[in-house]
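**Q** Provide a 3D model corresponding to the input given below.
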Amino acid sequence: MSWRRGKRKEEEDLGSDGGSDGNGPAKKTSKTESDESDGIVVCEISKNRRISVRSWQGRIVVDIREFYSKDGKQMPGKKGISLTMDQWNVLRNHVDKIDKAVAENS
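**A** Numbers count the residues shown, from 1 in each chain. Next up, the predicted model:
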């Protein structure tokens, strides 16, 4: 299984070489801080789940995500999905089929 570790390490190295300054952790920190302010919250599904529309890496995404509290601020968690506009349109076009399947299984 050491070949998998080697492959993963090579992929990580390729990812870090792609950045101009090679500071992976710094990018992560700034991304977390800016995520909440860049999005437009469309609705809150529950206390800690939100749907928002935001720009990420220059693309518009529909973000369905869990949030957690840290120092009195709501921060985006790891659990969630960001749908590109193509993926969002596929989901939106299948809502009737999804509703029918839910009704049949209820």
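
**Q** where in the chain is pLDDT low?
**A** For the chain, the stretches with pLDDT under 70 are 1-38.

**Q** 50 instead, please
**A** Filtered on pLDDT under 50, the chain yields the residue ranges 1-2, 6-37.

**Q** strands along that one, start to end?
**A** 40-46, 49-56, 59-70, 73-84 (DSSP state E).

**Q** by contact count, what packs against the second one?
**A** If I follow you right, that is strand 49-56. Applying 3 or more Cβ pairs under 8 Å, 6 or more residues apart in numbering; DSSP states H and E, one finds that strand 49-56 contacts helix 24-38, strand 40-46, strand 59-70. (C-beta placed from N, C-alpha, C; glycine too.)

**Q** still on that earlier bit, want to throw the strands of the chain into a markdown table with mean neighbour count and distance to residue 98?
**A** Converted to a markdown table, these look like this (neighbours: other Cβ atoms under 10 Å; distance: least, Cβ to Cβ, whole Å):
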| stretch | mean neighbour count | distance to residue 98 |
| --- | --- | --- |
| strand 40-46 | 11 | 16 |
| strand 49-56 | 17 | 16 |
| strand 59-70 | 15 | 14 |
| strand 73-84 | 13 | 14 |
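
**Q** Serialize these to CSV and add fields for distance to residue 92.
**A** Below are those laid out as CSV (distance: least, Cβ to Cβ, whole Å):
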stretch, distance to residue 92
strand 40-46, 13
strand 49-56, 13
strand 59-70, 9
strand 73-84, 10
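
**Q** contacts made by stretch 66-86 with the rest, please.
**A** Identification of contacts with stretch 66-86 by Cβ atoms under 8 Å, 6 or more residues apart in numbering yields 32, 35-36, 48-50, 56, 59-65, 91.
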